[in-house]
Structure formats: structure tokens, C-alpha cells
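Enquirer: What shape does this take:
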Amino acid sequence: MMLGLALGETVGTARGEPPTSGPLRAGVGTQLACFTAEGIIRAMVRMEHKGICHPPSVVLHAYCRWAALQGIEVERMRRRWASKAGTEWPNGWLAGVPVLAERRGSAPATVAALSRIDEHPEGTATRSRGCHALTRALPISAIGKGGAALAGETAALTHGDAAARSATVRATSLLHHCLTDSPGEAHGPAATDHSVREALRTGVAALPPPDRSDTGDECDHLMTVFRHAVEQPADAGLLARLAPDATAPSALHGGLYAAASFPGRADFGTALKFAAGAPDGDSVACVAGALLGAVHGIEALPADLVSRHELAWVLDTLARDLLTQILDSPSGSEYVEGWDPHWWSRYPGW
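Expert: Alright, predicted model coming up:
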């Protein structure tokens, strides 16, 4: 899933024609997704050691570290966080990855919210419904069914529009289903076109009911999108109508349509190229790649693309570390000694 979202954004940014040789560049959405994954791990570490944690605040701190590395409001970020670190800040191993300090596109709503983090204690979010609320939150799908609520809260840190929050909740819920609850032999090498589509169909059907902040019956709309993919697959005109702009709902609708249009393991690259043809191809292909990666597994991802992606090792390490933290708490807890003495320095619990 982590590598799929990154490959999707990269192929989408290249409008379906990535370079045939040399490194493949990560996008800003992938950068932010890395910090989301790191923030989740650090929130879990904090809960183990302190017994109390507000995970959205820990994820917000992760985005502030990204901003500081990018040279965005550096002094503001240092005033807010460096005095609490007691050591060098930004801290944690992810802050040492050079690619994450390079500008790879704009994230205007995220930057705007972080830039006023001190002036608006009641909330920093703008009124945006932009796609980064959703694409950066996709790693949250790995942590369990409770992750949907966290995904919504994380989106609301910077994107105040109800539709952005709703789409983010549904995207992470659908991805969690694809990662863990797909029926029959839907995962890995045994996955068939039918089982992949069935995983997506049952995932949509199992989405949480609308809450008071929803603007409509999104579940019904997503089921309509899925039926379009089965009955009218790979229709570029239909994709443009389903995903007309760079918003979170468009990313979800277009990504689902592209993934369900090309459910075959051998069609992963074709699915991304098709998704890249959407008006905002990077976000649509990001979601399509995450969905197909979640269902098919790592073996389905084109080795040529994965091996050349500049953040492949980082993404794989974050995915493995997130799973390790969920299953085994390497740093231990307040009362139990951990088996990895370096885990806290890799993922400080704040």
C-alpha cells in the first residue's frame, strides 16, 4: 500500500509517462504520507510509555517537522517544538532523509494551516477540501478499524471542509478492508480479477454510515462509481467526470474507478497510467496505486518502478516499522523493558 501510493503519485505527476531510466522522484503527497506513518508510530510509542496521548497532535508535530525540513516557517516551528525536545530538533530518523527536505510540489492548505499554528489555538484548518487531506492520511489505514476516526481528525487539522474529511475517512476505511478483510483468496499472488473487484465492492459496502458532517450519501455514490468501473471500465471521459479536480472526493472517486477498471495483477502499471489521465492525475493515481497495492501485495508492483523510486527504502522501512510497533512494541512500555534499545531515538514518543 505504501509503495503503491508513492508509485501512483509519481506516475500521475508524470502524466502516465515516467522516465524510462534513472531515479523516480517522490511527490509532496508521498513526503507527507511518510510523516503521517512516522507520526502514528510515535503516537503509539507515547501511549505505551506515558499512558496518555492525543494522536492527532502527534501527527501535527510530524507535519511541523516536514515543514521545518522544507524551510517553511522554520523559526516559528523551532519556537514551538525545539524547547520541548531537549536535543536536536527535528528529531527521529526520518528527519535525516535528504529527499524529504526537497520541494516536490505544493501543499497550500497544509502550509497555510501550519503557518498560523500559534495564532489560532482554536484550530488552524483552512476551508480547503484539497486532495492532500486524503492522500497523506492513507497510511492510517494500517492501524485498525479505529483508524477511520483518526484519519478524519488528521484531515481536519488543516482541511476544514466536511467533504474532505468524509472522503478521507472512507478512503482509509476502504484501504483497511483491502489490507485485512478481503474475502477468500483476494490477497497476494492468488488474487484474481473477480476477487479484487469483490474486495473493493465489499469494502465500499462496509464503509461507516454517514455522520452529521457528511454532505450526502457518499457510500451510495462510491457504489455507483464501482458499478461504472465494472460496466464501463477505463473510460477517460467518465474518469474526468468522476474526478474533475484536485479535491479529496475526486481523488477517492477517480482512484476507485481506476483500480476497479484494471483489477488484474499484470495491469498495475496500466491502471496508474490510466489514472494519470484524470484532471489531477497525481492524486487519483496515488489512491489507485494504494488500493491495488493493498489488495495485490508487493509482488504485483512493477520491479522496475519500485527499484528506481527514491523513497522505496524509506517507505518499506516505515511500513515494516509500523507493523512491528502494532504487533510488538519494540521500545517496551512504562513498566516493561523493550527489546530494541534504539527504538525510542528512532521514534521519540511525542
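Enquirer: Please report how far the nearest residue to Met223 once chain neighbours are set aside lies from Gly146.
Expert: Using CB to CB, 6 or more residues apart in numbering and skipping the chain neighbours, the partner closest in space to Met223 is Val204 (5.4 Å). To be clear about C-beta, it is placed using only N, CA and C from the backbone, and glycine gets the same treatment. Taking CB to CB, to the nearest Å as the measure, Val204 and Gly146 are separated by 20 Å.
Enquirer: Neighbour count for those two, which is higher?
Expert: Val204 (24 against 11; other CB atoms under 10 Å).
Enquirer: where does that one land on pLDDT?
Expert: pLDDT, Val204: 95.
Enquirer: longest helix of the chain?
Expert: helix 28-50 (DSSP state H).
Enquirer: Let me have it in CSV, keeping just the CA atoms, if that works.
Expert: Backbone C-alpha positions of helix 28-50 (Å, rounded to 0.1, in the frame of the first residue of the first chain) are rendered in CSV as follows:
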residue,chain,number,x,y,z
VAL,A,28,4.8,16.1,-1.9
GLY,A,29,1.9,13.9,-1.1
THR,A,30,4.3,11.0,-0.6
GLN,A,31,6.5,13.1,1.6
LEU,A,32,3.6,14.0,3.8
ALA,A,33,2.4,10.3,3.9
CYS,A,34,5.8,9.4,5.2
PHE,A,35,5.4,11.8,8.1
THR,A,36,1.9,10.5,8.8
ALA,A,37,3.3,7.0,9.2
GLU,A,38,6.1,8.2,11.4
GLY,A,39,3.6,10.3,13.5
ILE,A,40,1.4,7.2,14.0
ILE,A,41,4.3,5.2,15.3
ARG,A,42,5.4,7.9,17.6
ALA,A,43,1.9,8.3,19.0
MET,A,44,1.8,4.6,19.7
VAL,A,45,5.2,4.8,21.4
ARG,A,46,4.0,7.7,23.6
MET,A,47,0.8,5.8,24.6
GLU,A,48,2.9,2.8,25.6
HIS,A,49,5.3,4.8,27.8
LYS,A,50,3.0,7.7,29.1
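Enquirer: Which strands and helices lie in contact with the next helix or strand after that helix?
Expert: Later in the chain than helix 28-50, the nearest helix or strand by DSSP states H and E is helix 55-69. Contacts defined by 3 or more CB pairs under 8 Å, 6 or more residues apart in numbering; DSSP states H and E place helix 55-69 against helix 28-50, helix 74-85, helix 108-115, helix 147-156.
Enquirer: Quick check: buried residues in helix 55-69?
Expert: By neighbour count with 16 or more other CB atoms under 10 Å, helix 55-69 contains the buried residues 55-56, 58-69.
Enquirer: and the two most separated of these?
Expert: For these, the farthest-apart pair by CB to CB is Pro55 and Leu69; their separation is 21.4 Å.
Enquirer: thinking the residue nearest to Met223 is in contact with Phe226, fair?
Expert: Yes. Counting by CB atoms under 8 Å, Val204 touches Phe226, with 5.6 Å between them.
Enquirer: Give the residues shared as contacts by the two.
Expert: Common contacts of Val204 and Phe226 (CB atoms under 8 Å, 6 or more residues apart in numbering): Leu256.
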